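Engineer: quick one, fold the following:
(one chain, ligands or ions: 1)
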Amino acid sequence: MADDIWILGIHMTKFGKHPDKDVVDLGAEAAMAALKDAGVTMKDVGIIGAGNLMGGGGIGQQLQKQIGQTGVPVYNVSNACATGATALRTAIMAIKAGETDCGLAVGVEKLAGAGLLGGGGVAKSDKKEYKPSGRYGSVTNTDGRIGTNTMPGVFAQIGMEYGHKYGGTSFELFAKISEKNHAHSTLNPLAAYTKKMTLEEIMGDVMIAYPNTRPMCSANCDGAAAAVVVSGEKLKTLSLEQQRRAVKVSASILTSDPWEEACQILPDVNQLTKNAAKQAYEQAGVGPSDLNLVELHDCFATAELVHYDNLGLCEEGGAADFFNSGATWRTGTTPVNVSGGLESKGHPISATGIANIWEVCHHLRGEAGDRQIEGARVGLAHVIGLGSACGVHILEKSGL
Ligand SMILES: CC(C)(COP(=O)(O)OP(=O)(O)OC[C@H]1O[C@@H](n2cnc3c(N)ncnc32)[C@H](O)[C@@H]1OP(=O)(O)O)[C@@H](O)C(=O)NCCC(=O)NCCS
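Structural biologist: Here you go, the predicted model:
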């Protein structure tokens, strides 16, 4: 059984529109580049975890035909926005169980032009007839207090609920969060949108679900990310350079919703994130104040605010004050989403859970170029998908 797990190689493709590439092209590109980054080949890989939501299943085996069909176990995973993180955890768990010492995880999605997404992550249908249907026999969708059952609707309500409970929020405050992430994206050439946006541009854009305008929503786009993970024992057999660039997975946590009274009415993205963060800090033996950067799931600007609180980056109820203090800008005490976040970098759903780890790894390795957070030693990556599944990983720089 392996005690410690390391990310040996990692890659993300450019996020954006890739009309000339399918999921296999994109996933294979990320996988081959991650293997190269790790300095290993498919012959070293003992397990593949592969995630894709929209492509019809079996993505892992399809990828094998492109990157090397070696007969190893393949796990195809589907776990809403936490799909990439779940694929990574699948590889990590196999190593921890002692089945292999090296695993490959890939997450890939083609989502450009998908339009509004429903509660399950799939494209929302234009239902014209309202008849009781489904397991609960409801006439309209039950997700969200006004039955929106769209992602923007649900996450807008979650931000509004936080403001109602604790105060301090406004349309402008949520837009300022987006202004920060779009400003950060100007330093990330792999982001789908890299244009700095003024507060006026953000607030004046198309309103999707109040208070989130279009640039305050995660961008539907195409992309893939992949990672190679190894056991500490395997790492010791590799070169000093591989050991120096390896990033320690100090915590790898996945949670789902605990029981609660209101879960059929307004999906709760808070408690499972709080539970995941608590477990992750305990597993890693670090606290929020030790984090040099955080990549959290800003699927909407409203979501970023509530996750400051859920991840314990601020006091309970203090997310608005925390943001207003400037803490989450790249120059602040706890830089959040220096990649540009999902609002600018984009959100090809199954790739996101590995892409946010890619970002953190690059800072810990000192390889983040113009957007490097100097001296970064510890970082946290978070994703949450409705349904619900939340992944939190805490990563630490190698001591070498
Ligand atoms: C908000 C949303 C409905 C906009 O979709 P859309 O109206 O089809 O918009 P498009 O993607 O066609 O973009 C139109 C233009 O708006 C601008 N734009 C769109 N999203 C943007 C963003 N996040 N930031 C900056 N500009 C953006 C771009 O200029 C874009 O044109 P271009 O890509 O050719 O440059 C869609 O992105 C969305 O539903 N996002 C949320 C996805 C989601 O729910 N994911 C799961 C979350 S848990």
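
Engineer: which residues of the stretch 151-300 of the chain fall in strands?
Structural biologist: Remark: strands of the stretch 151-300 of the chain, listed N- to C-terminal, are 207-209, 212-213, 223-231, 247-255, 293-295; assignment by DSSP state E, counting those that start in this stretch.

Engineer: is the first one anywhere near the ligand?
Structural biologist: Yes: Strand 207-209 comes into contact with the ligand (Cβ under 6 Å from any ligand atom), by way of Ile208. From N, CA and C alone the C-beta is placed, and that goes for glycine too.

Engineer: packing partners for that strand?
Structural biologist: Secondary structure elements in contact with strand 207-209, counted by 3 or more Cβ pairs under 8 Å, 6 or more residues apart in numbering; DSSP states H and E, are helix 151-166.

Engineer: again with the last one
Structural biologist: Taking 3+ Cβ pairs under 8 Å, 6+ apart as contact, the helices and strands that strand 293-295 lies on are helix 349-364, strand 378-385.

Engineer: now these in TSV, with mean neighbour count, mean pLDDT and distance to Pro215?
Structural biologist: Putting the helices and strands packed on strand 293-295 into TSV (neighbours: other Cβ atoms under 10 Å; pLDDT from 0 to 100; distance: least, Cβ to Cβ, whole Å) gives the following:
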stretch	mean neighbour count	mean pLDDT	distance to Pro215
helix 349-364	30	98	18
strand 378-385	28	97	20
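
Engineer: quick one: which of these is nearest Tyr75?
Structural biologist: Nearest of the helices and strands packed on strand 293-295 to Tyr75, taken as Cβ to Cβ: helix 349-364 at 13.3 Å.

Engineer: quick one on the thing from earlier: quickly compare the strands of the stretch 151-300 of the chain and say which is most buried.
Structural biologist: Across these, the average number of neighbours (mean count of other Cβ atoms under 10 Å) peaks for strand 223-231, which reaches a mean of 32.

Engineer: once you drop chain neighbours, what's closest to the closest residue to the ligand within the stretch 51-200 of the chain?
Structural biologist: Taking Cβ to the nearest ligand atom, the ligand has its nearest neighbour within the stretch 51-200 of the chain at Met151, 3.0 Å off. Leaving aside its chain neighbours, Met151 sits nearest to Leu117 (4.8 Å; criterion: Cβ to Cβ, 6 or more residues apart in numbering).

Engineer: just checking, the one you found touches Thr150?
Structural biologist: Yes: between Leu117 and Thr150 a contact is recorded at 6.8 Å, counting by Cβ atoms under 8 Å.

Engineer: so, low pLDDT: which residues of the stretch 201-350 of the chain?
Structural biologist: 262-265 (pLDDT under 70).

Engineer: swap in 50 and give it another go.
Structural biologist: Low-confidence regions of the stretch 201-350 of the chain, defined by pLDDT under 50, are absent; no residue qualifies.

Engineer: which residues of it lie near the ligand?
Structural biologist: Where proximity means Cβ under 6 Å from any ligand atom, the interface of the stretch 201-350 of the chain facing the ligand comprises Ile208, Arg214, Pro215, Cys217, Ser218, Ala219, Asn220, Cys299, Glu343, Ser344, His347.

Engineer: do you have the helices of the stretch 151-300 of the chain handy? List them.
Structural biologist: In the stretch 151-300 of the chain, the segments counted as helices under DSSP state H, counting those that start in this stretch are 151-166, 171-185, 199-204, 232-236, 240-245, 271-284.

Engineer: Gly84 sits in which helix or strand?
Structural biologist: helix 83-96 (DSSP states H and E).

Engineer: and whichever helix or strand comes after that helix, which strands flank it?
Structural biologist: Per DSSP H and E, helix 83-96 leads on to strand 102-109 as the next helix or strand towards the C-terminus. Taking DSSP bridges as the criterion, strand 102-109 pairs within the sheet with strand 47-51 (parallel), strand 223-231 (antiparallel).
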